[in-house]
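Student: Structure of the sequence below:
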Amino acid sequence: MTAPWDDVSISTWSASYGGIASSSDMEAPLNEKHMLTYKQENEENRGSRKQRNMVGKMITHVLLLCFFVIEVASGAPTAKSGCQKQCGNVSIPYPFGIGSGCFLNEWFEVLCIKDNTIPLLRHIKQEVIEISVEAGTILVRNPITFWNCNRETRQSPNLEGSPFVFSQKNRFTAVGCGAFGLLISSKLSTNIAGCMSTCGETGNHSCSGINCCQTNIPLNLNSFKTTFHAVDGEKEKVCKYAFLVDQDWFMSNFTDIYSFKEMVDVPVLLEWELYYSAFDVFGTSFETNKSTWSNPKCYWDSVNSEYGCYRNSTCYTYYNDIATSSSVIFNQSRVECSCGWGFEGNPYLIEGCKDIDECKEDSNSCTQYGGVCQNDFGGYGCYYPSHNEHSVLNLIRIGIGSIIGLLFVLAGAWWLYKRMKEGGRVASLDGNREIELKGTENSNEASNVLIPLVASQPQLQ
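Tutor: Numbers count the residues shown, from 1 in each chain. Have a look, this model is predicted:
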């Protein structure tokens, strides 16, 4: 493979280096001086070409090295081996997965539809926006419920029996003049939450009770229906709509309360959990005494299990009473895993948690107190050199600095010497030229004097 700079035509080379521009000129005989100049320029051209080739190879090697480093740094697996890791722009980490054998169970199965661009949580038919293993959350698109708006009325999915619940980071939001929005339990038909807005002339850029209201939702909410009531019978036929929405998204994207009328869904945050016993996960039982939580750690040893926590993961089994909007589940076993301190990645995969190099982060305090950071497996240490070691290090620094300074001085002296030498040579040539010119002038004056003397000899006789 040739470098881009190797493909240079003769005419281009001639124009660049002061060579011969035309073919007729190249066929013309060259004297010795021209031939010497041509050879020197040709050698310089080959030398510079070699240097550029070396630079090009060095750049290629550096780029390959950077690519390798990036791959190593981001080498922690997210999906199971051999499984599709991404759908569109959304990463699909285990326990979620695409395809047979790639997900924990049917609730975590993801379909990649519309030419592999849109991930869909198959069992609840919700489009996936983002999945976080660390936070145990999944962001999905949830429908907006309309009332008297000539729009299709849709309800949120029923999550009963699933490992998902609506996060309390969501807010129930109702929009419209005199909108009285209610969340009602799907089974018990009791009010869960609600808010009421009043009519008034105000800007459309806030949701503080006038034409728009918000309220919190209860813990472990997994099913509800949205309905509306008119306030004192007024404005009953006015278009109203309500939705559950991730509050972080709402605050970041909120511009006009009536802009949601043109939308069909909004992002909602779901929390997911693994409802399995310790025996199911680890293949063995632990003494828990039915306490609030137990702390079985699979920190160093991998567990031969179909699913669960593996090496470098810190795992907990919780036994607590879980209240939902429709029922109460007693002594429900729940396993929660996270990468151990000093590790990051996916704790639900074998070798899913990788060591963090804290020395590359600004958060380590070693350098702030004159120490040297040393990365360890699962942590880091601060090394503080003794006084003698500091002296040795200072001597080494001084020596290296002195050598570099001396090299600069020598290079400058050599450059001055070359310049002075070239200047002396030019001065010598100019002096010789002046001597030659003076000699020529003297000889001319002598001839001018001799000629009249010879011409005047006959007159003397």
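
Student: Sketch out the low-pLDDT regions of the protein for me.
Tutor: 1-76, 202-203, 230-236, 276-334, 362-365, 378, 386-395, 424-461 (pLDDT under 70).

Student: per-domain residue ranges of it.
Tutor: Domain segmentation of the chain under automatic domain parsing yields 48-77, 124-272, 278-355, 359-386.

Student: how near is residue 359 to residue 396?
Tutor: To residue 396, residue 359 is 21 Å away according to CB to CB, to the nearest Å. Just so you know, the C-beta spots here come from the backbone N, C-alpha and C atoms, and that holds for glycine as well.

Student: which of those two has more neighbours?
Tutor: residue 359 (16 against 10; other CB atoms under 10 Å).

Student: what residues are up against that one?
Tutor: Neighbouring residues of residue 359 by CB atoms under 8 Å, 6 or more residues apart in numbering: 366, 373-375, 380.

Student: Could you identify the buried members of those residues?
Tutor: Buried by 16 or more other CB atoms under 10 Å: 366, 373, 375, 380, out of those.

Student: could those go into JSON lines alongside distance to residue 406 and secondary structure?
Tutor: Shown next, in JSON lines, are the buried ones among the contacts of residue 359 (distance: CB to CB, whole Å; DSSP: H, G, I helix; E, B strand; the rest coil):
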{"residue": "366", "distance to residue 406": "33", "secondary structure": "coil"}
{"residue": "373", "distance to residue 406": "32", "secondary structure": "strand"}
{"residue": "375", "distance to residue 406": "36", "secondary structure": "strand"}
{"residue": "380", "distance to residue 406": "38", "secondary structure": "strand"}
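
Student: ok, of those residues, which one's closest to residue 221?
Tutor: Taking CB to CB as the measure, residue 221 lies nearest residue 380 of the buried ones among the contacts of residue 359, at 41.7 Å.

Student: hang on, that closest one packs against residue 358?
Tutor: Yes: with contact defined as CB atoms under 8 Å, residue 380 reaches residue 358; the gap is 4.1 Å.

Student: Show me what residue 141 is bridged to.
Tutor: Assessed by DSSP bridges, residue 141 has beta-bridge partners residue 267.

Student: State the number of residues packed around it.
Tutor: Neighbours of residue 141 (other CB under 10 Å): 16.

Student: Distance of it relative to residue 257?
Tutor: From residue 141 across to residue 257, the span is 20 Å (CB to CB).

Student: which ones are touching the nearest residue to residue 143 once chain neighbours are set aside?
Tutor: Distances taken as CB to CB, 6 or more residues apart in numbering put residue 154 closest to residue 143, at 3.8 Å, once the chain neighbours are dropped. Residues near residue 154 by CB under 8 Å, 6+ apart: 143-145, 264.

Student: Repeat that for residue 209.
Tutor: Contacts of residue 209 (CB under 8 Å, 6+ apart): 197-198.

Student: Look up how far residue 420 lies from it.
Tutor: Shown here: residue 209 relative to residue 420, a distance of 87 Å by CB to CB.

Student: re the thing from before, would TSV of the contacts of residue 154 with neighbour count and distance to residue 104 be doable?
Tutor: Below are those laid out as TSV (neighbours: other CB atoms under 10 Å; distance: CB to CB, whole Å):
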residue	neighbour count	distance to residue 104
143	20	26
144	24	31
145	23	31
264	12	30
